[in-house]
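**Q** here is my input, please return the structure:
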Amino acid sequence: MKDRTRRPRSGGGSLGAIYIRLFSTLVIVGIANILIMTAWIAENDTGTNARHQAPPGSKRIFEAGSPTMMVNFKELPDKDTPHKNKSNSVSISGIRIDQGPFNTTMISCIQERKVCRYDDIGDFLESRSAKSFSSGGNDGDSSGSSISNMLPGALVHKPMTCIPPHRRIPHQKANDWPYILEQRNAQPEDGSMTALMDYNAMLIPLYKNVKVIDDAGGSTSTKIMSDLDPSLLDHLTGKYHSYFSDEEVNRVKYLSISRTSNLHACKPRFEFHFGTLAQDFIGISLLDDHLQRIEGTDIAINFDKWVVGNMTAIFHDFRVVAAKSTRGKDLKDQLFLTTSGHLGTYLFPMDIRRMPPVSAESVQKPWNTKLKGAAVPRSSEFQYGSGMEVRFVDDPGRFADKRVYSRGDLLFKDRGLDRGKNFHFFESSEGKTYMEMWPHGYNDPGQRKRPFNSHVAVPVDFFSSSFEPLSPMNAFPGRREKFVKGKRKQVEFLDEIRSLNGDPTPKRSFDNEVPKHLRPNMKFRGTSQIIDMTLNGAPFKVGISHSVAEGWIDKETNVRHTDHRTYLSQFYAFSPDPPFEVVAITGHFCFNHMLETDDGYSAQWVSERAMTNRTAPIMVHDEEIRCPLITFASGMTEMIGRDGNNVIITYGVDDCYSRSIIVPKKKIELLLLGQVQDGATAVS
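**A** The predicted model follows:
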């Protein structure tokens, strides 16, 4: 990408105006020098601000981009692949997953220290280039096909079958723009007949890959175990109910959470506001180890209608986390839902259990959990589908006598978390739970004395003996509400933990052009779940952040240079212990459109579009980029099995559908470290 800047505005000014500009520039430079010195003193003063000092025995692992830094990976033995002379990949329902030794490679722009295109990094994650798996031969593959053609897999999440056909766009109408607009704009005022899309999915693995060392021989193996309480796990898999066989129970490996909405940006692009009420459902389903949806387990709940009442549109995005709620227990025994919208983010304890068909259910089994709320009726006005039963801490009808516009604020008093969104929960190395507020690079213009460019987290207390309707939660002991003139009550966390760095320190691991951000003081936002990874032999937390670019159109020529609200992503890594210092950040990149080779491709109605329309490039700084305008990485988790070497990244595309890609961990390590292992080759 070329380094481009905005054209200066034409015209001059008076001599006085020039002096004013010169004086302003000197003041800004002086302030910047003061801030730099303050940051240097704070970082090097070991006698003060102990709260933000690195934990004993830890240090910054590298300065990303250092020309002398070399990466040495400590690879555990592969115990689950006994036949090394067989094919290096396994094909599962149209998905190819790397299962054998990974030939470490690096994209050439990083190796040669050149500027990387956003879409080239996205291609690298998916191994688009055949060279990325070149091993100099077929490695004993009896089929005669080269290992270089064995690519990690990707799939498009198929539309949930619980949604009735009249709320979908038929394949044959994929190019009928008037029909698509009518299905979105010209429907009943409550939005109850508008077409729905499923997107922004996240996957919660029910099992983990655990490295076990044999005391006798000292060898290391990988075992698949669950960190969920047996009662919670049995509810999700169906083991608690005699209707489900052992085979059906053991098939369940992931819980999928997604957003089903009539707000979508499936091209042609639409304005956010339109004629009918926004309707958003929380989509829930179970997946097997091939990431295929298990038949009959998908449901969609109109959460607004159930919790707040009809004709409301408060909740849009949905995230679920399993957490420890019982002191002294190491297993996670409670699910919590965070859901956000224009009023902020809310937190609800919730229960989910797999259910047999209504016709086969003779006796209603008790829940026997901490939560006391009523269950959402299956196949009702509140819920599409019947294969799962869900209950939230609050019962419906609470705000029936309140005005619609005031219900969200009334609920915020008991269930409100913060006025922002995109928060993620993680555990420190000591097993304590924290919520990430900002991933890196957070600047608070109202708090000049606090560190800029920070990673920000707050401690969480999920422990409780029960969760009762109408009872406020005290999950954040340091949280308080404060009045801000002209705004709704704002939230302040008195015990937040801010790192001393975040962006641009440490230096980004590879170079590319940084777009002008739509909200400069809040330009980096959390996106995905946070996973555990090893970088240079040490444990760290890794996540994906996103930035939204401001549109740039030349007012004089009306030439478009950057598309408005272009989404770009970055990997970042931070220490697993307070103050959670950021140790690595990549440059920006973007994810791909769905491909014809993706499993589930033909199930999406947009697959009937002409490729030139469906994959039209976007514009960033006068460069055409082969990515969708919106790619929101809503989920990232370690894949179950295969020695824990792979990560599943799930992202929403243009608020239209969800796509998952299988990425070897070592590729993410290489991108974060920005260096090449000895003997690695470059990918063009």
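**Q** helix, strand or coil: sort out the spatially most central residue of the chain for me.
**A** The centroid of the chain falls nearest to S528 when counting by Cα atoms, centre = their mean (1.9 Å). Counting by DSSP: H, G, I helix; E, B strand; the rest coil, the backbone at S528 sits in coil.
**Q** so it sits right up against I544, yeah?
**A** Yes - between S528 and I544 there is a contact under Cβ atoms under 8 Å: 4.1 Å. The way it works is simple: take the backbone N, C-alpha and C, and place the C-beta from them, glycine included.
**Q** now do the shared contacts for those two.
**A** 633, 636, 649 (Cβ atoms under 8 Å, 6 or more residues apart in numbering).
**Q** in strands, which of those residues appear?
**A** Counting by DSSP state E, the part of the shared contacts of S528 and I544 found in strands is 633, 636, 649.
**Q** let's see if you can find the most crowded of those.
**A** I649 (26 neighbours; other Cβ atoms under 10 Å).
**Q** is that one bridged to anything, and to what?
**A** Beta-bridge partners for I649, by DSSP bridges, are M636, I661.
**Q** ok, now which ones touch it?
**A** By Cβ under 8 Å, 6+ apart, I649 lies in contact with 125, 528, 544, 591, 633, 635-636, 660-661, 663.
**Q** name all residues that make contact with the residue nearest to the centre of the chain.
**A** S528 touches 202, 424, 543-544, 633-636, 649, counting by Cβ under 8 Å, 6+ apart.
**Q** need those in TSV with distance to I299 and pLDDT, can you?
**A** Conversion of those to TSV gives the following (distance: Cβ to Cβ, whole Å; pLDDT from 0 to 100):
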residue	distance to I299	pLDDT
M202	16	97
H424	24	93
G543	29	96
I544	27	96
A633	24	95
S634	19	95
G635	19	96
M636	24	97
I649	25	97
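**Q** identify the farthest-apart pair in the residues you listed.
**A** H424 and I649 (14.3 Å; Cβ to Cβ).
**Q** how close does L206 sit to R319?
**A** 17 Å (Cβ to Cβ, to the nearest Å).
**Q** that older thread, please report how far the residue nearest to the centre of the chain lies from I648.
**A** Distance from S528 to I648, by Cβ to Cβ: 10 Å.
**Q** what sits up against stretch 115-126?
**A** Residues outside stretch 115-126 that contact it (Cβ under 8 Å, 6+ apart) are 1, 107, 109-110, 129, 132, 151-152, 154, 510-513, 568, 586-592, 620, 623, 625-627, 649, 661, 663, 667-668, 671, 683.
**Q** just the ones of these in helices?
**A** Counted as lying in helices by DSSP state H, out of the contacts of stretch 115-126, are 109-110, 667-668, 671.
**Q** closest one to L286 out of those, please.
**A** I668 (26.8 Å).
**Q** for the stretch 151-300 of the chain, just list every one of the helices.
**A** 177-185, 230-237, 246-251 (DSSP state H, counting those that start in this stretch).
**Q** right, so the ones you listed: which one is the most enclosed?
**A** helix 230-237 (a mean of 20; mean count of other Cβ atoms under 10 Å).
**Q** where does the stretch 1-150 of the chain have low pLDDT?
**A** Low-confidence segments of the stretch 1-150 of the chain, defined by pLDDT under 70, span residues 1-104, 127-150.
**Q** from P396, how far out is Y601?
**A** Remark: distance between Y601 and P396 (Cβ to Cβ) = 39 Å.
**Q** helix or strand with the lowest mean pLDDT in the chain?
**A** strand 89-92 (a mean of 33; mean pLDDT, DSSP states H and E).
**Q** residues in contact with K516?
**A** K516 sits next to 549-550, 552, 562 when contact means Cβ under 8 Å, 6+ apart.
**Q** in TSV, list those along with pLDDT.
**A** Formatted as TSV, the contacts of K516 follow (pLDDT from 0 to 100):
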residue	pLDDT
A549	79
E550	76
W552	70
T562	76
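**Q** among the residues you listed, who's most crowded?
**A** Of those, with other Cβ under 10 Å as the count, A549 tops at 23 neighbours.
**Q** apart from its neighbours in sequence, what residue is nearest that one?
**A** P515 (3.7 Å; Cβ to Cβ, 6 or more residues apart in numbering).
**Q** ok, now V647?
**A** V663 (5.0 Å).
**Q** equivalent analysis for E481, please.
**A** Leaving out its chain neighbours, the residue that sits closest to E481 by Cβ to Cβ, 6+ apart is K489, at 4.6 Å.
**Q** so the one you found sits against F483, correct?
**A** Yes - between K489 and F483 there is a contact at 6.0 Å, judged by Cβ under 8 Å.
**Q** which one's more surrounded, the two?
**A** Remark: of K489 and F483, K489 carries more neighbours, 15 against 8, as counted by other Cβ under 10 Å.
**Q** in contact with the more buried one, which residues?
**A** By Cβ under 8 Å, 6+ apart, the neighbours of K489 are 412, 481-483.
**Q** which ones among these map onto helices?
**A** Going by DSSP H, the helices hold F412 from the contacts of K489.
**Q** looking at the contacts of K489, which has the most residues close by?
**A** Highest count within these by other Cβ under 10 Å belongs to F412, 21 neighbours.
**Q** kindly reformat the shared contacts of S528 and I544 as TSV containing distance to A475.
**A** Below are the shared contacts of S528 and I544 laid out as TSV (distance: Cβ to Cβ, whole Å):
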residue	distance to A475
A633	25
M636	23
I649	28
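**Q** how near is the residue nearest to E481 to M388?
**A** On the measure of Cβ to Cβ, K489 and M388 end up 35 Å apart.
**Q** do Q529 as well
**A** As judged by Cβ to Cβ, Q529 and M388 stand 21 Å apart.
**Q** what segments of the stretch 251-400 of the chain are strands?
**A** 254-261, 280-287, 299-301, 317-323, 334-341, 344-354, 383-384, 388-392 (DSSP state E, counting those that start in this stretch).
**Q** so which of those strands gets nearest L371?
**A** Among the strands of the stretch 251-400 of the chain, strand 344-354 sits nearest to L371 (Cβ to Cβ), with 5.1 Å.
**Q** what's the average pLDDT for that closest one?
**A** The average pLDDT within strand 344-354 is 96.
**Q** pull up the pairing partners for that strand, direction included.
**A** Next to strand 344-354 in the sheet, as set by DSSP bridges, lie strand 334-341 (antiparallel), strand 388-392 (antiparallel), strand 416-418 (antiparallel).
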